[in-house]
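In: heads up, no residue letters with this:
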């Protein structure tokens, strides 16, 4: 079975500072990893994904994530936070083979303070 | 291209009633997944349909059921509602659902309140 842990319910960061939203995963095999963002009263939007290859993945809105196989982590990062980045962020994982559903973490609320 | 459409946007029901939620995927998408979102549990997978067949099922009681029609539209039904069923129900579609690195496209959800 696969699972995702997002250890922080809330992350606060000042505008202009770098941000990190943490994610660790557990799968019995090789993973595909995803980040989604949810703005108020909206569904989830895809940010980026790791499939294979380069461990640093770049996505929408200046976000990037680093895949670390030894630490089973896939942390989301951005060099300079914007107030408009304030939202709920979800990490998700699925096996890269077979027919398994996409499993999400519980989410991390990011607040960027001006 | 229109996005994933979920109706209704809000629902208020009482315990013991049943409810049906509807989801229209993006045109051409054949896979539809349903998730329950609550503040404490995040997103929990309910089920996935592809070509009118349930392909995956999450760990929910049998009161939760779904189906998919030939035009890929999907419905989910919850019978004998309980207070704990209050949640945002999200539908997501993808082109095939077979390629496991496909991204999902989400609707805005149906907010269900059980009183």
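Out: Yes, it's here. This structure is a prediction, so every number in the text was calculated from the model and none was measured.
In: torsion angles phi and psi at residue B:84?
Out: Per-residue torsions, residue B:84: phi -70, psi -10 (degrees, to the nearest 10).
In: residue contacts, it?
Out: Neighbouring residues of residue B:84 by C-beta atoms under 8 Å, 6 or more residues apart in numbering or on different chains: residue B:114. Heads up, the C-betas are built off the backbone N, CA and C, glycines and all.
In: quick one: pLDDT of it?
Out: Looking at residue B:84, its pLDDT is 95.
In: if I look at it, how far off is residue A:50?
Out: 34 Å (C-beta to C-beta, to the nearest Å).
In: got it, and residue A:72?
Out: Taken as C-beta to C-beta, the span from residue A:72 to residue A:50 is 12 Å.
In: just residue A:100 next, same as before
Out: From residue A:100 over to residue A:50 (counting by C-beta to C-beta), the distance is 16 Å.
In: for residue B:26, same thing?
Out: Distance from residue B:26 to residue A:50, by C-beta to C-beta: 24 Å.
In: pick out whichever of those two has more residues nearby.
Out: Neighbour count, other C-beta atoms under 10 Å in any protein chain shown: between residue B:26 and residue A:50, residue A:50 has more, with 21 against 18.
In: which stretches of chain B have low pLDDT?
Out: In the predicted model of chain B, residues B:97-99 satisfy pLDDT under 70.
In: show me the residue at the heart of it, geometrically.
Out: Closest residue to the average C-alpha location of chain B: residue B:34 at 3.1 Å, with C-alpha atoms, centre = their mean.
In: double-check that that one belongs to a strand.
Out: Yes: applying DSSP: H, G, I helix; E, B strand; the rest coil, one finds residue B:34 inside a strand.
In: wait, isn't residue A:10 in contact with residue A:112?
Out: No: applying C-beta atoms under 8 Å as the test, residue A:10 and residue A:112 come out as separate, 12.0 Å apart.
In: who has more neighbours out of the two?
Out: residue A:112 (20 against 8).
In: for that one, list the residues it contacts.
Out: By C-beta under 8 Å, 6+ apart, the neighbours of residue A:112 are A:13-15, A:19, A:81-86.
In: equivalent analysis for residue A:26, please.
Out: A:2-5, A:72.
In: looking at it, residue B:58 is touching residue B:47, isn't it?
Out: Yes: between residue B:58 and residue B:47 there is a contact under C-beta under 8 Å: 6.3 Å.
In: with neighbour numbers in mind, choose between the two.
Out: Counted by other C-beta under 10 Å, residue B:58 and residue B:47 do not tie: residue B:47 has more neighbours, with 22 against 16.
In: before we move on, the earlier item: closest one of the contacts of residue A:112 to residue A:56?
Out: Ranked by distance to residue A:56 (C-beta to C-beta), those are led by residue A:19 at 15.9 Å.
In: and that closest one, its phi and psi?
Out: Residue torsions, per degrees, to the nearest 10, at residue A:19 are phi -130, psi 150.
In: tell me the confidence at it?
Out: On the pLDDT scale, residue A:19 gets 97.
In: number of residues surrounding it?
Out: 20.
In: that one reaches residue A:13, doesn't it?
Out: Yes: between residue A:19 and residue A:13 there is a contact at 4.6 Å, judged by C-beta under 8 Å.
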